[in-house]
Structure formats: C-alpha cells, structure tokens
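Novice: Here's my sequence, what's the structure:
(chains A, B and C)
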Amino acid sequence: MSFLSYLINGISLGSVYAIIALGYTMVYGIAKMLNFAHGDIIMIGAYIVFTCVSTAGMHPALAVLLAVIGCTVLGVLIERVAYRPLRSAASPLAVLITAIGMSYLLQNLALLIFGANTKNFPEIITLPSLSLADGQLNITGTSLLTIGVCVVIMAALMIFIRKTKAGQAMLAVSEDKGAAQLMGINVNGTIALTFAIGSALAAIAGVLLCSAYPSLTPYTGSMPGIRAFVAAVFGGIGSVPGALIGGILLGVIEILGRAYISSQLADAIVFGVLIVVLLVKPTGILGKNIQEKV
Amino acid sequence: MLSKWKALKKTTRSNAITYAIVIVAYLIIQLLSGLGLLSSLFTGLLVPLCTYVILAVSLNLVVGFLGELSLGHAGFMCVGAFASAFFSRCMEQAIPASGVRFLIALIIGAVCAGIFGILIGIPVLRLKGDYLAIVTLAFGEIIKNVINVLFIGRDENGFHFSTKDALSLNMSADGDVIINGPQGITGTPKDSTFTVGIILILITLFLVTNLIHSRSGRAIMAIRDNRIAAESIGINITKYKLMAFAISAALAGVAGVLYAHNLSTLTATPKNFGYNMSIMILVFVVLGGIGSIRGSIIAAVVLTLLPEMLRGLSDYRMLIYAIVLILMMLFNWAPKAIEWREKYLSRLPFLARKKGESTGKEEV
Amino acid sequence: MALLDVTNLSISFGGLRAVDAFEIHIEKGQLYGLIGPNGAGKTTVFNLLTGVYRPDEGIIRLDGTDITGKTPIEINRSGIARTFQNIRLFKELSVLDNVKAGLHNHYRYSTLEGIFRLPKFRRMEREMDERAVEILKVFDLDKEAAVTASNLPYGKQRKLEIARAIATQPKLLLLDEPAAGMNPNETGELMETIRFVRSHFDMTILLIEHDMKLVSGICEKLTVLNFGQVLAQGDTSDVLNNPEVITAYLGDE
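Specialist: Numbers count the residues shown, from 1 in each chain, chains lettered A, B, ... in the order given. Predicted coordinates:
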C-alpha cells in the first residue's frame, strides 16, 4: 500500500513538473530559447496568492485568478522588453544570459518586497482526502486536484494547438519562423501568446506546488524550475505530450527514489536517469531527431 | 623598441598585453596592501577573484573556442577542490613543506577533474547544443549531491567509507573523520594566497592561449565553426572535443584547489558548487565576449567586485546587479543596439573598427 | 586501373531510392563532370563518396583500396577532399588558418609541443605558413591571408574552400557546384583556376555543376544522373548530344 501512495504522490508532484515543463517546452519550441526565468514566475505567482489571501484576505479563487493574470502580464512583458530585442542576436547565448539575469531580477525583487523569511503558504485547497482500502491508502485532496488540473490543462492545450488558428500558428512558427512570416502569420504575436500561456500555467503550477509544499521563499521556484526543465528535455523538448510524460516520470522517480533508495541522493537519481535517457535517445523520449543537411 | 614591438605577430602582442594587465594589477594591489590601504573585506576577496578568473578563462575554452555550452563547470571545480583538500588534509603531517604539498595537491586536483572531464565528455559530447548544456548541468548536480553523502575517515586500520553517517564508518576511538558528509572537509591547510592565485592565473593563460594558437587549437576552432567541414578535411572531432573539454575541466580543478585551500571548512553547497555557480561563470564568459580571454578576465573581476562595491546599497545591490546584467546584454548583443552604436559611437575615433579586420573573436 | 572505381552504389531514404546502382570510373588526371536535373541525387553521390552517408549497397575503390563505409575523416585521409554546395568555411578563422586547418594531418606536432612552444612547433608552423601561402597564391588569395574568412566576398569564399580542400593533399577533388552564384566573369576565371589546379597539383577532379558553359568548357567526361540513376556516361560532347539527356533537361515536349 505504501508503494501505491508513493506512486500517487509521485504522479501528483510530476503533474506540477509537467505543468511547469509545458511553459519551458512551448517557449523552447517556438522561440528556441531556454527561459531560465520561468521557474521564478512560479514563485511570483505563489507570492501574489499569498499576499491576496493571507494579507488582503481575499477569496482564494479570486487570488488565483489575479495570480494568473499577474503572471501572464509579467511573462509577456519580460518577453517584450528583454528577449525580443535579442531574438536575432549573433549568439543564442545572449538571450540565455539575459534570461538568467531576469531570473536574478525576479528573485531579488521578491527578496526586497517580501524579505528572505520563509512564508507559510495559506491552505487554499480544501478538498477532503480520499480514503481507499479501508483507510490504508490516503490520497490528499491537493494531490487529486493537482493531477486533475494537469490532465485538464494538457487536454485543453492539445485541443487549442490542433483546432484553433492561433494554435496552428504556433506550430508553424516552431517549424520555420521565416516561412511562417511569409505566410502572413504574426510571429511576434504568436511568440508573445506562447509566453502568455506558459506564464499563466506557471502561476497555476505555483499555487499547486505551494499547496503541496507550503513554504514560500524567493528561491522556491528555481529548483522546481530546473527539474521541470529536465522533465521537458526528458520527454523531448518542444513536445507537449513529451512534457507530460517527462514531468510525471520525473516526479515518480524522485518520490520513489527518495522513499526506497536514499532521500539525500534524490537529485543524483533524477539527474542520473536524465543522462541515461539522453544517451540512449539524444533528443528525449518523444523528441524529433533532426539531422543536419550536408 | 617600438619597431620591435610592431614586428611581433598581432596575437603575440595581444597575449603580452593580457599578461601585462594581470601582472600590473598584481603589483598595484600588492603596493596598496603594503601601504595598508586595502580593507579586510577586499583582501578577503582576492583569492576568490583569482578562482573566478581561472574558471572563466577555462570555461571560455569550451564555450568560446569549442563552441559547446557547458553548465557543469562548478562540478569540475568541486572535484578538484575535494580531491585536493582530501589529499592535503591527509598529508599535512606527512609532508610539512607547504609548497611541495600544495604543488602535489594542485596536480591531484587538476588530474582528478580532468579525468572526470574525460569520463563525462566521452558519452556527453555526442549531444548537441542545449542537450549538452542540460546534461553537463545534471553531472554537476550529481557530483555535488554525491559528495554531500560521502563520509570518509581514517584510523590505524586505514580508510573507512560510508554513505550514511560518520558513525557508520566504524572507526576506532582515535579515528579521524576526513570527509564528513554535508559538513565537508574541515581543517584543510590554508596554502592559497593571492600570489599563488596570480601565478595560477598566469599558468592558465599560458596553457589556454598557447593551446589556441597551435595546431590543436586551430582544430578545435575549426570544429566550432563548421563540424562537417572539419570532418571533411580529416580533423578528428572526438579527439579535439575531448581535449578541449578535459583541459577545461582540469583547469576548473585547479581553481577548485585554490578555492579549497583558502577555506578552513570546505562544503559542497548549491551556492559554491551548484548550477548557479556554473551559470555565474558562464555569465562572465558571455559578458566578457565569447572567445575573448581578456574579456573573461575583466568580466570576472568586474562582476565579482560589482556586488561588493554596491554593498552600501544593501538590499538593492543584487537587484541592481541583475538589471546591469540585463542592460549590458541588451546593449552588447541586440541588433538594434549594435546598429545604434555603429551609427553614433563610431564617430568616436577609438571605437571605430576598420572594416574587414578580424572581429576580435580569435583575439586573445 | 582507374583512380576512382564505383560499382553498384545505392542508398534509400525512407523507401525512396535516392541513388540507384550508380557506377563511375575516373582515370587519374581526368576532369570529370557529374550533371543532372535538380534532385537527381548528385550531392547524395558526393555524400556517399565522402562517407557522410553509408551506402546500402555497392563498392567504392580509391586507387585500388576499398573505402566503402569508412568515416568522412578516414576517407579524407585516404585521399578524397571536397567542397560544399552551401559554402562551409571556418568563418571566424583567418583565410590563412582555413588553409592551415587543411594541412592539419600533414604537418604534425603534439599538443604539448604546441603549448610549450618547442622547436618542433616553431619549425612546423613556419613550414605550414609557407605551404599555406603557396596554395593561397594559386587562388590569388595570398593578399587576404589575414582577413577573417566570413569577410571575404562570395567568389573568393568559394575559392578558399577549394584551397582548403587542396591543402589536405587529396588524390581526388570533389567540387559541388563551384560556380553557383557566380557571374559569367567569375565563372570564366574559375574555369581557369580549375584547369590550373589540375595541372599544378596533378589532381583528378570530379565536379557537380549546372553551368553548361563550364561543364562543356572544361570536363572531358560526363555522367548524367536522373532520378538517382545513370542516364548517360561518356565523352562530354557525346553525352551532351544524347537525345535522352536533352529530354531529361528540357522535358518531354
């Protein structure tokens, strides 16, 4: 029974990773950049909810909505101000370093506003726990909601990409920016939309993450951010289902590794599995293999 | 004298200037410190500064000259630091001459890190671009993580190992715990000084610049510029990639030795050996100009001192640091900013660059 | 025996037979042309000959040695050098260093000798410099030796790529559309250069080209490729007057 409950915890944590990984994978697929600041958007989203609920006493649902809006605006703003001017820079490293700078900026902004002290994230998910097998298997409401939200988001996103014009434009831009432009697709707009979706998802991920692990600091987002990025690479960066698979796998490996192998070596296990996967499949589980044309 | 100087090759002159900058900076700081004009805070920063310079120059070999993105540089530094500190800690009594001991420690640190570079490089260099970056990041994190669960002790029966805790080492009463898991290594002899650091910087410069301007360096840069063409003229890609990666890792190991022997307690934390450190070194390299050794040195020094100089601004300093970083990137790399600079700043004679001249990428 | 002996060379990509039972025999010192409509598989043949792709079937012999299935590096070392359709120079390196990179396997000294600037390093580098300048002179590029390769005008970049290939001292030189993007003046000049390269370096050359003036002007023999198969092969004038070749180029009327 304990194995099952670890597994469910793993899937739940993995769902959070998957939601964050979506932001990385979509941005990477379309803008071909590693948005290092993505993890910190999560943290900002969590702080917005914290402030709205704990300080201003707002209704949690309203607080989450505000966090989603806040993060969306922030994500689009960052793209416009810091990343867009560097899109055609001579080296792809330029925008990577700027993203790193943006990550520092967000962390230190949060540090300045909220201080370094750990904040206790309010309990906003009040779903009852699910008790199975005569109380031997207990699944928390947060876990259930997290998994549910992840499934809904994935499904919605896949439908959005397949069925809507904006979604098709995203695919086109990710295939070939130049050709998409010639076809009359608004490339800048599409990239901005991608950042908007990714950042909105980050806000949701922040709420879910902090509901499961309720301590909030300015650095809360950075390690889950890196792990989620690993998940995106794992599943094949640029692929939406890949983010789901990578995220869930990573969450399960992390929790099972902690439980059965060593809690101190959890990071080493997660990263070790990533390396093995990439050595076997150099572009991740669902990644496309692109060969350079001679 | 002047004509002799002009007759030298451009690269030779450029190298000489780089060495001169380092030596002059050393002399000035020694003079100021002799006059008692340096704060203890600043003096304490000198050895770390040397460490960062070595790290930046060695990472530039991989990022700037081999053209591969590595985010695991702090991991190699970590290997060098722990291997050498372990040695020095064990041999403090056996080899009392600190100079000899430190020299051996240096070699051990460099060799261990270099071996890790090769071990990691063999599988990893098949990957490209961002995949290589993320795997090197993963390796760095694994190294840090494993060191944090490593316990090694020594008593009259020899060495004892454990991955649980110090008690599980099962040592006799007078046993000595050398590596104590997350508490790391305590009591490493403080053999690192500013002078040692500067000498190591000069050695690093010598190795890297001379490597670049040799047959092997040309092969490394050829691979960076066009792998397929390099293959087509018979350059052994794997060999030169590994060579650049291993030398870079070994030099990071040297930086680790310098770092470890400057501290009484060496621990592996996310701050000193985590991916954040690797990223910081990458920032030095990119901001200093990818492929410019002198730029790496200057960026490492300026970006290390900047937060310290802003100390008076207390809480705002890291915020300003971040903003400065973003603005500098935009100013240096955004095509529009470059256009603007060429339009307005090129009127200033000292900034004008003759057309058709080398872009400075190979300049060292 | 021919310098290059290729029999029954085939490769498929996802069911499509890109090159099918390709044969070619090139004698030492020949200037040989490989022509055909776009998409006929000409560059694929080059990629097979240089080891970029591994053939599904067939044997490639260079000077009597079987080089089928070898890596590009090994094939270059056994004596084939090439240029690329979309120029592949070492952009950030100087013109001189591009050629010196081509000399890589012929002037050897160890990495340590290089780092510590030992006498062998100095001697070898000096000899490399001399040899590289000699080659650059042939292409009239010696005055631009210090220029960064990416700053060269287009026509000179093409020449530099040939110079770099020559530096590897090949027995057989493959040129992939050397005149692409050149104006008639430049093409004329290029024809002279190719002829000169052949006599000066005693080289055998196989080239892909669309410019019929160049092909008929300098090639002694031709192979025409259409849909991956050899359509015609033989002396230039015979091949160009072959009705099947004319149809393939102009289409059925």
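Novice: so where do the helices sit in chain C?
Specialist: C:42-49, C:72-78, C:95-102, C:111-115, C:119-138, C:154-167, C:184-201, C:212-218, C:236-240, C:243-250 (DSSP state H).
Novice: Need those helices in TSV (columns: mean pLDDT and distance to A:Gly29).
Specialist: No exception for glycine: its C-beta is placed from N, CA and C like everyone else's. Listed next are these as TSV, based on pLDDT from 0 to 100; distance: least, CB to CB, whole Å:
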stretch	mean pLDDT	distance to A:Gly29
helix C:42-49	95	29
helix C:72-78	95	31
helix C:95-102	97	35
helix C:111-115	95	40
helix C:119-138	96	44
helix C:154-167	94	33
helix C:184-201	92	41
helix C:212-218	91	43
helix C:236-240	91	48
helix C:243-250	81	41
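Novice: For chain A, what is the nearest residue in the stretch 151-253 of chain C?
Specialist: Chain A sits closest to C:Asp176 of the stretch 151-253 of chain C, with a gap of 9.5 Å, by CB to the nearest CB.
Novice: Surely that residue touches C:Ala81?
Specialist: No. Applying CB atoms under 8 Å as the test, C:Asp176 and C:Ala81 come out as separate, 11.6 Å apart.
Novice: re the thing from before, near the residue of the stretch 151-253 of chain C closest to chain A, how many other residues are there?
Specialist: C:Asp176 has 24 neighbours, counted by other CB atoms under 10 Å in any protein chain shown.
Novice: Relative to chain B, how far out is it?
Specialist: 11 Å (CB to the nearest CB, to the nearest Å).
Novice: Over to the closest residue to that residue other than its chain neighbours: give its phi and psi.
Specialist: Distance criterion CB to CB, 6 or more residues apart in numbering or on different chains; nearest residue to C:Asp176, sequence neighbours excluded, is C:Gln85 at 4.5 Å. Main-chain torsions, C:Gln85, degrees, to the nearest 10: phi -60, psi -50.
Novice: quick one, what contacts C:Gln85?
Specialist: By CB atoms under 8 Å, 6 or more residues apart in numbering or on different chains, C:Gln85 lies in contact with C:Thr43, C:Asp176, C:Glu177, C:Ala180, C:Ile208.
Novice: OK, contacts around the last one?
Specialist: Neighbouring residues of C:Ile208 by CB under 8 Å, 6+ apart: C:Gly33, C:Leu34, C:Ile35, C:Lys42, C:Thr43, C:Phe46, C:Gln85, C:Leu174, C:Leu175, C:Asp176, C:Glu177.
Novice: Look at the spatially closest residue to the fourth one that is not a sequence neighbour and report its pLDDT.
Specialist: Nearest in space to C:Lys42, with sequence neighbours left out and distances taken as CB to CB, 6+ apart, is C:Ile208 at 4.6 Å. C:Ile208 is assigned 95 on the pLDDT scale.
Novice: Count the neighbours of A:Leu96 for me.
Specialist: For A:Leu96, using other CB under 10 Å, the count is 24.
Novice: For the nearest residue to B:Gly67 once chain neighbours are set aside, give its distance to A:Leu86.
Specialist: Sequence neighbours aside, B:Arg224 is the residue nearest to B:Gly67 in space, at 3.2 Å (criterion: CB to CB, 6+ apart). Distance, B:Arg224 to A:Leu86, by CB to CB, to the nearest Å: 21 Å.
Novice: tell me which residues of stretch C:102-110 are tucked away?
Specialist: By neighbour count with 16 or more other CB atoms under 10 Å in any protein chain shown, stretch C:102-110 contains the buried residues C:Gly102, C:Leu103, C:His104, C:Asn105, C:Tyr107, C:Tyr109.
Novice: Can you tell me how far C:Glu134 is from C:Ile166?
Specialist: 10 Å.
Novice: between these two, which one's more packed in?
Specialist: Between C:Glu134 and C:Ile166, C:Ile166 has the larger neighbour count (other CB under 10 Å), namely 20 against 12.
Novice: Show me what the host helix or strand of A:Ile20 is packed up against.
Specialist: Using DSSP states H and E, A:Ile20 sits within helix A:2-31. The helices and strands touching helix A:2-31, judged by 3 or more CB pairs under 8 Å, 6 or more residues apart in numbering or on different chains; DSSP states H and E, are helix A:38-50, strand A:137-139, helix A:141-163, helix A:165-175, helix A:187-212, helix A:222-235, helix A:240-256.
Novice: Helix A:187-212 and the first one, what's the angle between them?
Specialist: Taking axes from the mean of the first three to the mean of the last three CA atoms, to 10 degrees, one finds that helix A:38-50 is oriented at 60 degrees with respect to helix A:187-212.
Novice: List of residues touching whichever helix or strand comes after helix A:38-50?
Specialist: Using DSSP H and E, the helix or strand that follows helix A:38-50 in sequence is helix A:60-78. With contact meaning CB under 8 Å, 6+ apart, helix A:60-78 is reached by A:37, A:41, A:44-46, A:48-49, A:52-53, A:58, A:102, A:122, A:124, A:192, A:195-196, A:198-200, A:202-204, A:206-207.
Novice: does any part of the helix or strand that helix A:60-78 is followed by sit near chain C?
Specialist: Per DSSP H and E, the first helix or strand lying C-terminal to helix A:60-78 is helix A:92-114. No. Helix A:92-114 is not in contact with chain C by CB under 8 Å from any CB of the partner chain; minimum separation 14.7 Å.
Novice: B:Val285: helix or strand, and which one exactly?
Specialist: Assigned by DSSP H and E, B:Val285 falls in helix B:275-288.
Novice: Report the rounded mean pLDDT for that helix.
Specialist: On average, helix B:275-288 scores 91.
Novice: what's the distance between C:Gly64 and chain B?
Specialist: 20 Å.
Novice: Now for the contacts of C:Gln85: which two are most distant?
Specialist: C:Thr43 and C:Ala180 (11.6 Å; CB to CB).
Novice: quick one: which of those two has more around it?
Specialist: C:Thr43 (19 against 16).
Novice: if we can go back for a sec, which neighbouring elements make contact with the helix or strand hosting the residue nearest to B:Gly67?
Specialist: Per DSSP H and E: B:Arg224 is located in helix B:215-225. On a contact count with 3+ CB pairs under 8 Å, 6+ apart, helix B:215-225 meets helix B:194-212, helix B:227-232, helix B:237-260, helix C:95-102, helix C:111-115.
Novice: Put together JSON lines for those, with distance to B:Ser172 on each row.
Specialist: Listed next are those as JSON lines, based on distance: least, CB to CB, whole Å:
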{"stretch": "helix B:194-212", "distance to B:Ser172": "36"}
{"stretch": "helix B:227-232", "distance to B:Ser172": "57"}
{"stretch": "helix B:237-260", "distance to B:Ser172": "27"}
{"stretch": "helix C:95-102", "distance to B:Ser172": "61"}
{"stretch": "helix C:111-115", "distance to B:Ser172": "46"}
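Novice: Identify the residues contacting the lowest-mean-pLDDT helix or strand in chain A?
Specialist: When the helices and strands of chain A are scored by mean pLDDT, DSSP states H and E, strand A:130-132 comes last with a mean of 76. For strand A:130-132, contacts defined as CB under 8 Å, 6+ apart pick out A:Leu137, A:Asn138, A:Ile139, A:Gly141, A:Leu144.
Novice: let's see 10 Å
Specialist: Residues outside strand A:130-132 that contact it (CB atoms under 10 Å, 6 or more residues apart in numbering or on different chains): A:Met1, A:Leu4, A:Ser5, A:Ile8, A:Leu137, A:Asn138, A:Ile139, A:Thr140, A:Gly141, A:Ser143, A:Leu144.
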